[in-house]
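>>> here are the coordinates; sequence isn't available:
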């Protein structure tokens, strides 16, 4: 029987055997603290037969090249969002992993739809909501940051920073819900953080199916909501809401509260409600899925390489739009294989 996710740490499925970091002093100290092996280089990690998978948490630019190197050693990869800056490189390495029967596991997009998106797909089918019309996503937090020379300070490495850093979750969600994009538009400002990059941003996305989405992401809102995660989805015959009203925050993000509103006999009516426990939020890893894949369940129909790449295409266009101060077209993704997302 597959265990369920409990505290989000993955300790039921993963045993840490070593660390690798370019900061030698920090590496040795932290490895000693955890009682694991300190690896001086990635090559040292890849030569160790005790290592089955490598958790790679470098910056996104050029990450696909490092993943390729890990895959060539026969090891699985655990990584994070944003996945890459280059959609072609991302697509190539993801298809490579698929052909080798190796996993590339990220927290966004996750291998399977998170519970909230599963519910969206179920309601669309159950209530025959029709085609998607529009979507609005709000993600905000209060970041007190100063410039420190990391890639977060570089507009080329971190384009439209609030979207790239925390709005990327809902960009990935939008692609899974609506498919490939055709055009993007960007607005940014810098209000209060000490970094030279934007801290307040809005991304408009026109999808090929006609749906228009808006993503607002900001580091400037301090209202006690540790990580706002609101969503409104308009369909032809109904609207789905996720955490759109005021929520009580007691130190930890609340559960996801979802509702479907449709036209009733005398006006709008709530057709369905759902509460998704906090540990199923999409920014956590699906550890059990990763474990099962590493142990040989390689036939699971998980998120396709094309879906990963479609989101990176939006990032590419978003980068261009920020530089031009206007709009940018989104390049198509070359088709290959099945999709696992609701369309």
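Structure's in. What do you need? Quick caveat, the model's predicted, so the values are computed rather than measured. Numbers count the residues shown, from 1 in each chain.
>>> So residue 203 sits against residue 184, correct?
Yes - counting by CB atoms under 8 Å, residue 184 is a contact partner of residue 203 at 6.3 Å. Yep, even glycine has a C-beta here, placed from its N, CA and C like the rest.
>>> what is in contact with those two at once?
residue 318 (CB atoms under 8 Å, 6 or more residues apart in numbering).
>>> Apart from its neighbours in sequence, what residue is nearest residue 39?
Distances taken as CB to CB, 6 or more residues apart in numbering place residue 20 nearest to residue 39, at 4.0 Å, with adjacent residues excluded.
>>> The one you found: what's it in contact with?
For residue 20, the contacting residues are 27, 38-42, 44-45, by CB under 8 Å, 6+ apart.
>>> Do you have the helices of the stretch 51-200 of the chain handy? List them.
63-72, 87-100, 115-126, 161-162, 168-178 (DSSP state H, counting those that start in this stretch).
>>> Give me whichever of those is most buried.
helix 161-162 (a mean of 29; mean count of other CB atoms under 10 Å).
>>> just checking, what packs against it?
For helix 161-162, the packing partners by 3 or more CB pairs under 8 Å, 6 or more residues apart in numbering; DSSP states H and E come out as strand 200-207.
>>> can you do 7 Å?
The helices and strands touching helix 161-162, judged by 3 or more CB pairs under 7 Å, 6 or more residues apart in numbering; DSSP states H and E, number zero.
>>> So which residues lie in contact with it, not counting its own?
Outside of helix 161-162, the residues within contact range by CB atoms under 7 Å, 6 or more residues apart in numbering are 152, 197-201, 217-219.
>>> for this protein, which spans come out with low pLDDT?
Within the chain, the stretches falling below the threshold (pLDDT under 70) are 1-9, 247-254, 278-283, 336-343.
>>> what's the longest helix in it?
helix 305-324 (DSSP state H).
>>> how much distance is there from that one to the middle of the chain?
Mean-position distance between helix 305-324 and its chain equals 13 Å (CA atoms, centre = their mean, to the nearest Å).
>>> gap between the residue nearest to residue 39 and residue 205?
Distance, residue 20 to residue 205, using CB to CB, to the nearest Å: 37 Å.
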